[in-house]
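In: give me a 3D structure for the following:
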Amino acid sequence: MNDITHLPKDLYQRYFAHRLNRLELSLGFVLLSIVNSIFNPLFIHPNVLGTIVYIILLLFNISLLWRRLQDINLNGWISLIILIPYTLVFFILLIFLLLYPGEDHDNKYGTQPKEGVDVRKIFGLSQRTNLVVGI
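Out: Numbers count the residues shown, from 1 in each chain. Presented below is the predicted three-dimensional model:
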């Protein structure tokens, strides 16, 4: 049985400890935009469920930016700039991350991401994770 004290380390390893290439970042933002549009009615009138969904989507956005910044050998903490509302800096950062190529060798944040897209990596799922959707 897993000990609850391992949870923060496991979450960090899953969502922040590796790198994303440009294509994976783009796909991640497209998928999060689709999810955001589905849950958008919850954000119109403030409620508890809408707040929880908003925080989860915000954390996934930070996670995507964090891992992409690590791909170009920058500190992931820069991704917290999205917490400042209505900043032009965020849009400039996003365009930069979508256009600037990552390092073509291993860096201090991990190994070079492979070409192509691994959806499991985008959403922090391990190779052993099975997605089960049921009612």
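In: from residue 51, how far out is residue 45?
Out: Remark: distance between residue 45 and residue 51 (Cβ to Cβ, to the nearest Å) = 11 Å. In this view, the C-beta of every residue, glycine as well, is placed from N, C-alpha and C.
In: could you check which of those two is surrounded by more residues?
Out: It is residue 51, of residue 45 and residue 51, that has more neighbours when counted by other Cβ atoms under 10 Å, with 12 against 7.
In: next, give phi and psi for that one.
Out: phi -70, psi -40 (degrees, to the nearest 10).
In: same question for residue 110.
Out: Here residue 110 shows phi and psi, under degrees, to the nearest 10, equal to phi 140, psi -170.
In: low-confidence bits of the protein, can you list those?
Out: Low-confidence segments of the chain, defined by pLDDT under 70: 1-7, 86-87, 116-135.
In: can you tell me the closest non-neighbouring residue to the spatially most central residue of it?
Out: Nearest residue to the geometric centre of the chain (Cα atoms, centre = their mean): residue 64, 2.3 Å. Distance criterion Cβ to Cβ, 6 or more residues apart in numbering; nearest residue to residue 64, sequence neighbours excluded, is residue 28 at 4.5 Å.
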